[in-house]
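Visitor: next input, structure requested:
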Amino acid sequence: MGTDHFVRITRLRALIEHENTGAGERATAQRMLDRLLRKSLGDKTSHGSPDRVYGSRHDRPGRHASTASIVESVREDIAFARDFAPSGAPGELIVHSPLAAAPAELTVAVSTPFADQIVVTIENIPSAWGWEADEFDRITATRDLRRLAAELAEIIDSYNHDGSDVGPRFFRTIRAQQTTLIR
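Guide: So this is what the prediction gives:
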């Protein structure tokens, strides 16, 4: 486990244990902590069947939770990650979070157009931050925007399951304005 994970884990634990932390914020911080701890042990863990993989937060909203309740948990996690900005003391490493580092005007909307699909749409992306022209003059997503999409996909995937004997709990799509970045 790297030092940046250690610092983030320490700060999340301090937030969870602080007496003035609200119940909702504490639950969201706990989910983020669980995700980081699972990441340090491997991205996904297997429960029961060796051919089945469960996200680190699969059981949080409940085994048979609706996609709408999972979307609410995802929204809370995204809102918390946007606000959680660890302040590094002098000489301390600062943990980079694409969600926390994203421009303030950028918005993230989470919806479930169908019972088995979660769509995250990133809007109000500043042109200079999110888009660049490639060698063929095509407009493509910048590295920062792709990192943001990857972090959003990681949050969503932590609530999913998949395997050879069971299909995914839901499908996810990450869009930046009208462009699909991750399916």
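Visitor: now do stretch 172-180: everything it contacts.
Guide: Applying C-beta atoms under 8 Å, 6 or more residues apart in numbering, the contact partners of stretch 172-180 are 117-123, 125, 130, 141, 145, 149, 152-153, 156-157, 160, 181-183. C-beta: built from backbone N, CA, C; applies to glycine.
Visitor: hmm, 7 Å instead?
Guide: Contact partners of stretch 172-180, identified using C-beta atoms under 7 Å, 6 or more residues apart in numbering, comprise 117-123, 125, 130, 141, 145, 149, 152-153, 156, 181-183.
Visitor: pull out the buried residues from those residues.
Guide: Listed as buried from the contacts of stretch 172-180 are 118-122, 125, 130, 141, 145, 149, 152-153, 156, 181-182; burial here means 16 or more other C-beta atoms under 10 Å.
Visitor: among those, name the ones in strands.
Guide: Counting by DSSP state E, the buried ones among the contacts of stretch 172-180 place 118-122, 141, 181-182 in strands.
Visitor: let me know the closest of the buried ones among the contacts of stretch 172-180 to residue 66.
Guide: Within the buried ones among the contacts of stretch 172-180, the smallest distance to residue 66 is 11.4 Å, found for residue 118 (C-beta to C-beta).
Visitor: what helix or strand does the closest residue to the closest one other than its chain neighbours sit in?
Guide: In space, and not counting its chain neighbours, residue 118 is closest to residue 172: 4.8 Å by C-beta to C-beta, 6 or more residues apart in numbering. Assigned by DSSP states H and E, residue 172 belongs to strand 171-176.
Visitor: tally of neighbours for residue 104?
Guide: Counted with other C-beta atoms under 10 Å, the neighbours of residue 104 add up to 8.
Visitor: now swap in residue 9 and tell me
Guide: Residues lying near residue 9 (other C-beta under 10 Å) number 17.
Visitor: check residue 116 too.
Guide: For residue 116, the count of nearby residues is 11 (other C-beta under 10 Å).
Visitor: nearest spatial neighbour of it, chain-adjacent residues omitted?
Guide: residue 170 (4.9 Å).
Visitor: same question for residue 133.
Guide: Leaving aside its sequence neighbours, residue 133 sits nearest to residue 139 (C-beta to C-beta, 6+ apart; 5.9 Å).
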